[in-house]
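1. heads up, no residue letters with this:
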């Protein structure tokens, strides 16, 4: 019986893989053509996890001590900004989540751009004593007008729960493809859960967004290059996102208009359009009004740490942005 079940599983994996083969072949011919030339080009974690939980708890307690007394009085956007400011100087580390087997990895002492925004948002929810409750089905998305949350006691464990519910499809850790890799899907799930509302369509214009980068470049992702089933699942997710239309963006020239910039507020989540074919978003940050202009706080690859970006949003956003606002 076990042999028969194993055989059926292998057949299923091969079928999933072959179902996207023709599409992947066509995409590869027109994609960026970037290939892995060294181990540094592949998503393999180099994170030092020695005594990680102790490091995390110490940082959580520091931030909670500073912000818990005012958490109830601040809006989500205001609290997210305050959390982000507490995290200034946190070292940048790329691909820290890549582990085999897939498991929830939480780092408060190191980060990249999406993990920084995710942590800031989940920390704010946690300090407000809210636990994310999944409101969707993982395949269909909607703008829920109120947050799908329940009351809970603020704690480091609650923070980890919220990160899991924000990072994984329906909050379930079940292999590499269960983690949300395309930021567009991250936005969609969090909009469905009522945590945020994307309002790019109110300020920008429609554009043709496609999703294929991961399946077209499996060699850049260790788990995809070593697991046919996970690659097949990623292809199905890309297909689902390709059908989730329309997509909008705000071009850089629009960001130079005062009437457009006046609509963007501190605490909004900024996602920067990627120039790579088949890849939706290249960077994520938190809007922050600074010195009378709209800048942002982000985990900077160039600075190798969390900083307040010296450039204004309009100066930095070469390829345009998408913009979302946290709900209270």
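-> Cool, got the structure. All values reported here derive from a predicted model rather than from experimental measurement. Numbers count the residues shown, from 1 in each chain.

2. where is the longest helix in this protein?
-> When secondary structure is assigned using DSSP state H, the longest helix within the chain turns out to be helix 52-71.

3. helices or strands up against that one?
-> Helix 52-71 sits against helix 76-86, helix 113-127, helix 156-167, with contacts defined as 3 or more CB pairs under 8 Å, 6 or more residues apart in numbering; DSSP states H and E. In this view, the C-beta of every residue, glycine as well, is placed from N, C-alpha and C.

4. how about the helices in the stretch 151-300 of the chain?
-> Taking DSSP state H, counting those that start in this stretch as the criterion, the stretch 151-300 of the chain contains helices spanning 156-167, 183-192, 200-203, 213-216, 222-226, 228-243, 252-255, 258-261.

5. TSV please, covering the helices and strands packed on helix 52-71 and showing distance to residue 326 and mean neighbour count.
-> Listed next are the helices and strands packed on helix 52-71 as TSV, based on distance: least, CB to CB, whole Å; neighbours: other CB atoms under 10 Å:
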stretch	distance to residue 326	mean neighbour count
helix 76-86	4	22
helix 113-127	7	25
helix 156-167	12	20
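
6. before we move on, the earlier item: so can I have JSON lines of the helices of the stretch 151-300 of the chain showing mean pLDDT and distance to residue 91?
-> Converted to JSON lines, these look like this (pLDDT from 0 to 100; distance: least, CB to CB, whole Å):
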{"stretch": "helix 156-167", "mean pLDDT": "98", "distance to residue 91": "19"}
{"stretch": "helix 183-192", "mean pLDDT": "98", "distance to residue 91": "22"}
{"stretch": "helix 200-203", "mean pLDDT": "97", "distance to residue 91": "31"}
{"stretch": "helix 213-216", "mean pLDDT": "98", "distance to residue 91": "26"}
{"stretch": "helix 222-226", "mean pLDDT": "93", "distance to residue 91": "22"}
{"stretch": "helix 228-243", "mean pLDDT": "97", "distance to residue 91": "29"}
{"stretch": "helix 252-255", "mean pLDDT": "97", "distance to residue 91": "29"}
{"stretch": "helix 258-261", "mean pLDDT": "96", "distance to residue 91": "31"}
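
7. go through these and pick out the most buried.
-> For the helices of the stretch 151-300 of the chain, the largest average neighbour count (mean count of other CB atoms under 10 Å) is found in helix 213-216, namely a mean of 24.

8. that helix packs against which elements?
-> On a contact count with 3+ CB pairs under 8 Å, 6+ apart, helix 213-216 meets helix 21-30, helix 228-243.

9. hang on, the earlier thing: what lies in contact with the longest helix of the chain?
-> 79, 82-83, 86-87, 106-109, 123-124, 127-128, 154, 156, 159 (CB atoms under 8 Å, 6 or more residues apart in numbering).

10. quick one on the thing from earlier: adding distance to residue 147, write the helices and strands packed on helix 52-71 out as JSON lines.
-> As requested, these are arranged in JSON lines below (distance: least, CB to CB, whole Å):
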{"stretch": "helix 76-86", "distance to residue 147": "8"}
{"stretch": "helix 113-127", "distance to residue 147": "8"}
{"stretch": "helix 156-167", "distance to residue 147": "12"}
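
11. so which of the ones you listed is nearest residue 284?
-> Between residue 284 and the helices and strands packed on helix 52-71, the shortest gap by CB to CB is with helix 113-127, which sits at 4.7 Å.

12. which other helices and strands does the following helix or strand past the closest one contact?
-> Under the assignment DSSP states H and E, the closest C-terminal helix or strand after helix 113-127 is strand 130-132. Here strand 130-132 touches strand 149-151, helix 156-167, going by 3+ CB pairs under 8 Å, 6+ apart.

13. ok, strand 130-132: who's next to it in the sheet?
-> For strand 130-132, the paired strands and their directions (DSSP bridges) read strand 149-151 (antiparallel).

14. off-centre distance for the partner strand?
-> 22 Å (CA atoms, centre = their mean, to the nearest Å).

15. which residue is the nearest non-sequential neighbour of residue 214?
-> residue 234 (5.1 Å; CB to CB, 6 or more residues apart in numbering).

16. for the closest residue to residue 280 other than its chain neighbours, give its distance to residue 278.
-> Excluding the flanking residues, the one nearest residue 280 by CB to CB, 6+ apart is residue 184, at 4.6 Å. In this view, residue 184 and residue 278 are 12 Å apart by CB to CB, to the nearest Å.

17. no further questions, thank you.
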